[in-house]
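Asks: got a sequence here, can you build the structure:
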Amino acid sequence: MAQQASLEGLLDFSAPEALAASQRAQAARTFHMIVDYFRQEEVAAGSSPKYSRFLLVRYTYNFSLSEPSQDIFLRAFFESMNFNIAVGYDPDFTKDADSLRQGVVAFADFLFDNFFLPLRASSKHTPQPSPAHLSVIQRVQGPHENIPTLERISSLRRACLVRDRSRCVISSTFDATEAVARLREDGDNAKDDNGNHLMGELFESLEVAHILPHSLTQANDCGELSDSKKAALKILNMFDINVSRLIDGVNIDRAYNAITLTHTIRRYFGDFLVFFTSVSGQEHTYKIESFLPKGVVPALPVTRALYLTEDRSIDPPSPRLLAIHRAISHILHLSGAGAAIDKILKDMDDIGTSAAGTTALGQIVALKLGGWCGNPIRQ
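Replies: Now for the predicted structure:
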């Protein structure tokens, strides 16, 4: 095997021509052989870590939503390992185990630091990839520019409330502000948009929840996206090719990237602990589940048909974006990366007190440099 090269300047997340079927099958076989070998080694050691880099890499591939997206992943993986995907490679673990292990770990760390950590941290923080990383990613995907987003949260919330009929799409809780207005206007005869009486219901203030975080395309003070955010958008295409164009610029704040939720459920959804699974054959219908302990969200699991406006003047939540949110939820849970990120974010909150010497300090600083520490979105 060739000496493992640095990831700097190697990761390729573009959309070149698709792999041939035989090439894809061989690449997938080699990929699983490498990753599974080190995962089995990890388990055999008797102290399997709560967070497994090898599972993170495996599940990121497994939850890619199409063959073209899997091709992007496989090309990036093998380029980072300094292998020519067109030639093929049969790993020799007796000779190359150490360098192979280091290569997979480095690839996992790149995905963790530049995608999963930023998205999970959302409006808080994220690491910044080097210019060399970014140049390779851009080389593979072409000159597509990501236009900085504008502040459109207030109008987005109003649109989602209209589309979702002033109810949380998960718990069906009615919006408190709208309830007060209708009860003042119509008294005991006040009704919801379906003609049901409101009197006797419990109400809560509802919020707009982005399916993919608003901060993902939030510009800096110069009106530009950081290299870190550009890289995260490129990596996003591994899940569904060219999906980043759906959320470019102001599109991040369009109704198809948002749903109406209660404050508590919004927190869980934003943490990728609540997810939507499309019901086959039923348009805009989802089974909604969570990775939370039973009873934390009493409404779950539940199957909901999402409301649509009669004239379709307000876009429904995008099935593509909900599928990506679901994929990220599963990867974070199954690999243990979600718990590892929680620890980093807790350390970030503790900086200046007991965690001054935390091993996550470098990641925390990188998160801030990446521009993920902006002010939280206010409803």
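
Asks: where exactly do the strands run in this structure?
Replies: 174-175, 203-204, 206-210, 258-262, 274-278, 285-290, 302-305 (DSSP state E).

Asks: would TSV of these with mean pLDDT be doable?
Replies: Output for the strands of the chain, formatted as TSV (pLDDT from 0 to 100):
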stretch	mean pLDDT
strand 174-175	98
strand 203-204	97
strand 206-210	93
strand 258-262	96
strand 274-278	98
strand 285-290	98
strand 302-305	98
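
Asks: so for residue 32, which of these sits nearest?
Replies: strand 274-278 (24.5 Å; CB to CB). Yep, even glycine has a C-beta here, placed from its N, CA and C like the rest.

Asks: residues making contact with the closest one?
Replies: Strand 274-278 has contacts (CB atoms under 8 Å, 6 or more residues apart in numbering) with 170, 265, 268, 285-292, 297, 300, 319, 322-323, 325-326, 329-330.

Asks: quick revisit: got a markdown table for the strands of the chain, with distance to residue 190 too?
Replies: Rendered in a markdown table, the data for these read as follows (distance: least, CB to CB, whole Å):
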| stretch | distance to residue 190 |
| --- | --- |
| strand 174-175 | 10 |
| strand 203-204 | 11 |
| strand 206-210 | 17 |
| strand 258-262 | 19 |
| strand 274-278 | 30 |
| strand 285-290 | 28 |
| strand 302-305 | 24 |
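
Asks: mind checking which of those strands is nearest residue 75?
Replies: Once those are compared by CB to CB, strand 274-278 is nearest, at 27.7 Å.

Asks: tilt between the closest one and strand 206-210?
Replies: Interaxial angle, strand 274-278 versus strand 206-210 (axes from the mean of the first three to the mean of the last three CA atoms, to 10 degrees): 70 degrees.

Asks: just the CA atoms of strand 274-278, as CSV, please.
Replies: Taking Å, rounded to 0.1, in the frame of the first residue of the first chain, the C-alpha atoms of strand 274-278 are listed here in CSV:
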residue,chain,number,x,y,z
VAL,A,274,-36.5,13.1,16.8
PHE,A,275,-36.8,12.1,13.2
PHE,A,276,-39.3,11.5,10.4
THR,A,277,-39.5,8.3,8.3
SER,A,278,-41.5,8.5,5.1
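
Asks: which of the residues in it are buried?
Replies: 274-276 (16 or more other CB atoms under 10 Å).

Asks: and of the strands of the chain, who's closest to residue 62?
Replies: Comparing those by CB to CB, strand 274-278 comes nearest, at 15.4 Å.

Asks: who's in contact with residue 285?
Replies: Shown in contact with residue 285 (CB under 8 Å, 6+ apart): 278-279, 303-306.

Asks: give me the buried subset of those residues.
Replies: Buried among the contacts of residue 285 (16+ other CB under 10 Å): 304, 306.

Asks: looking at the chain, which helix is longest?
Replies: The single longest helix within the chain, with elements called by DSSP state H, is helix 21-44.

Asks: what average pLDDT does it get?
Replies: Helix 21-44 shows a mean pLDDT of 94.

Asks: list the contacts of residue 193.
Replies: Taking CB under 8 Å, 6+ apart, one finds 165-166 in contact with residue 193.

Asks: quick check, residue 240 in contact with residue 72.
Replies: No: using CB atoms under 8 Å as the test, residue 240 is too far from residue 72 to be in contact (10.2 Å).

Asks: who has more neighbours, those two?
Replies: residue 72 (26 against 19; other CB atoms under 10 Å).

Asks: and that one, what pLDDT?
Replies: For residue 72, the pLDDT comes out at 91.

Asks: quick check, it in contact with residue 238.
Replies: Yes: between residue 72 and residue 238 a contact is recorded at 5.2 Å, counting by CB under 8 Å.

Asks: need the buried residues of strand 274-278 in a markdown table (columns: distance to residue 109).
Replies: Putting those into a markdown table (distance: CB to CB, whole Å) gives the following:
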| residue | distance to residue 109 |
| --- | --- |
| 274 | 27 |
| 275 | 25 |
| 276 | 29 |
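
Asks: closest to residue 43 among the residues you listed?
Replies: Taking CB to CB as the measure, residue 275 is the one of the buried residues of strand 274-278 closest to residue 43, at 26.5 Å.
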